[in-house]
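Trainee: could you work out the structure for the sequence below:
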Amino acid sequence: MQGGDRCDADLDRGLRGVMPGGRASAGEAVAWAERLGVPLLEAYPDGPGVALVAEAPPALQILGRKAPGPVRLDFTDPRLQRRAAGTTVRRDPLARAVGLHRRPGTAVVDATAGLGRDGWILAHLGARVAWVEASPTLAVLLRGALDRAANEPGLSATAQRLALHPGDLRQVLGELPAAEREVVYLDPMYPSGTTRGGVGREAQALRQLHGGTAGATDGELLAAAREHATRQVVVKRPQRAHPVDGPAPARSVPGRAIRFDIYAPA
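Mentor: The predicted model follows:
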């Protein structure tokens with residue numbers, strides 16, 4: 001993984017191992033296990049966590065009885081393409097919060113990239129996007145998904161507007177040129193008891209992947225983002241949740257079940 005040594009391996013304590021999938025060779029599963037430093041599984045283990053299913057594209061499978069289906073990071077997914085085709089810079093609340101409707105080509109750091117979908121949509125709408133991701137597992141999956149998209153004729157233009165920077169945002173942000181961090185976007189883990197409309201399975205998979213590891217607080221992430229953003233910081237929140245700890249947002253842009261709080265740089 002490019003830049004893998006910059007990621008926090010402790011962050012993915014919930015990754016229990018790699019399970020060979022039906023659409024990949026045994027050698028591919030072994031390579032994934034070696035790359036991520038986890039066991040090669042013969043059966044899904046008991047208990048909490050996730051397994052990476054080695055197939056094309058790879059998937060994260062939540063463990064346990066009655067677990068939901070696998071979560072794939074795939075920018076060729078028709079559902080994501082329909083979402084992209086059905087929005088514009090004026091209709092999409094995140095694009096409006098970032099200011100793409102006023103400043104085409106805005107440089108955005110998606111500093112908690114996760115599954116990368118918000119960053120993909122912003123790039124589709126014309127933003128220049130830098131993903132920052134501290135999870136070694138997610139960074140590997142993002143890299144693979146971006147490479148696959150770059151080879152698709154209809155997606156290559158969007159892929160070219162995206163760059164991946166594995167590592168902790170508190171370190172990476174300060175290393176990016178000022179021109180590449182006009183807006184810093186944060187999508188921190190949602191508070192307990194809240195769900196994201198339509199993506200609960202994905203949120204659950206990320207929680208299980210991180211295995212309850214205590215990383216930086218939301219307030220610390222906001223402080224780092226405000227220190228390095230040259231124009232503004234945007235934070236995704238559930239509609240009824242309190243803002244993250246720190247200064248009050250200057251304003252908010254509402255979505256259907258979420259809102260985007262906007263902060264001035266420090």
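Trainee: please name every helix or strand in contact with the lengthiest helix in the chain.
Mentor: For the chain, the longest helix by residue count, based on DSSP state H, is helix 136-150. Counting contacts by 3 or more CB pairs under 8 Å, 6 or more residues apart in numbering; DSSP states H and E, helix 136-150 is packed against helix 26-36, strand 128-133, helix 156-160, strand 162-166, helix 200-210. To be clear about C-beta, it is placed using only N, CA and C from the backbone, and glycine gets the same treatment.
Trainee: all helices of the stretch 151-266 of the chain, in order?
Mentor: 156-160, 169-172, 200-210, 218-228 (DSSP state H, counting those that start in this stretch).
Trainee: Tyr185 is nearest to which of these?
Mentor: helix 218-228 (8.3 Å; CB to CB).
Trainee: any idea how far the closest one is from the chain center?
Mentor: 17 Å (CA atoms, centre = their mean, to the nearest Å).
Trainee: could you export that helix as CSV, CA atoms only?
Mentor: The C-alpha atoms that make up helix 218-228 are tabulated as CSV, following Å, rounded to 0.1, in the frame of the first residue of the first chain:
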residue,chain,number,x,y,z
ASP,A,218,-14.2,15.1,17.1
GLY,A,219,-13.2,18.4,18.8
GLU,A,220,-9.5,17.6,18.1
LEU,A,221,-10.3,16.8,14.4
LEU,A,222,-12.2,20.1,14.1
ALA,A,223,-9.3,22.1,15.7
ALA,A,224,-6.8,20.5,13.2
ALA,A,225,-9.1,21.2,10.3
ARG,A,226,-9.6,24.8,11.2
GLU,A,227,-5.8,25.3,11.7
HIS,A,228,-5.1,24.2,8.1
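Trainee: which residues does that helix contact?
Mentor: 109, 111-112, 169-170, 173-174, 176, 181, 184, 186, 188, 216, 233, 235, 244-247, 263-266 (CB atoms under 8 Å, 6 or more residues apart in numbering).
Trainee: in CSV: the helices of the stretch 151-266 of the chain, plus mean neighbour count and mean pLDDT.
Mentor: Shown next, in CSV, are these (neighbours: other CB atoms under 10 Å; pLDDT from 0 to 100):
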stretch, mean neighbour count, mean pLDDT
helix 156-160, 16, 97
helix 169-172, 20, 95
helix 200-210, 19, 90
helix 218-228, 20, 96
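Trainee: quick one, which of these is nearest to Asp10?
Mentor: helix 200-210 (9.5 Å).
Trainee: next, the angle from that closest one to helix 136-150.
Mentor: If you take axes from the mean of the first three to the mean of the last three CA atoms, to 10 degrees, helix 200-210 sits at 130 degrees to helix 136-150.
Trainee: run the chain-centre distance for helix 200-210.
Mentor: Centre to centre, stretch against its chain (CA atoms, centre = their mean), the figure for helix 200-210 is 11 Å.
Trainee: give me the contacts around it.
Mentor: Residues from elsewhere that reach helix 200-210 (CB under 8 Å, 6+ apart): 11-15, 48-50, 60, 62-63, 68-69, 71, 114-115, 135, 137-138, 189-190, 195-196.
Trainee: just the buried ones from those, in ChimeraX syntax?
Mentor: A single ChimeraX command selects the buried members of the contacts of helix 200-210 (16 or more other CB atoms under 10 Å):
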select :11,12,14,15,49,50,60,62,63,71,114,115,135,137,138,190
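Trainee: in strands, which of the contacts of helix 200-210 fall?
Mentor: Among the contacts of helix 200-210, the residues falling in strands (DSSP state E) are 15, 50, 60, 62, 71.
Trainee: and those residues, which is closest to Leu100?
Mentor: Out of these, the member with the shortest distance to Leu100 (by CB to CB) is Val71, at 27.3 Å.
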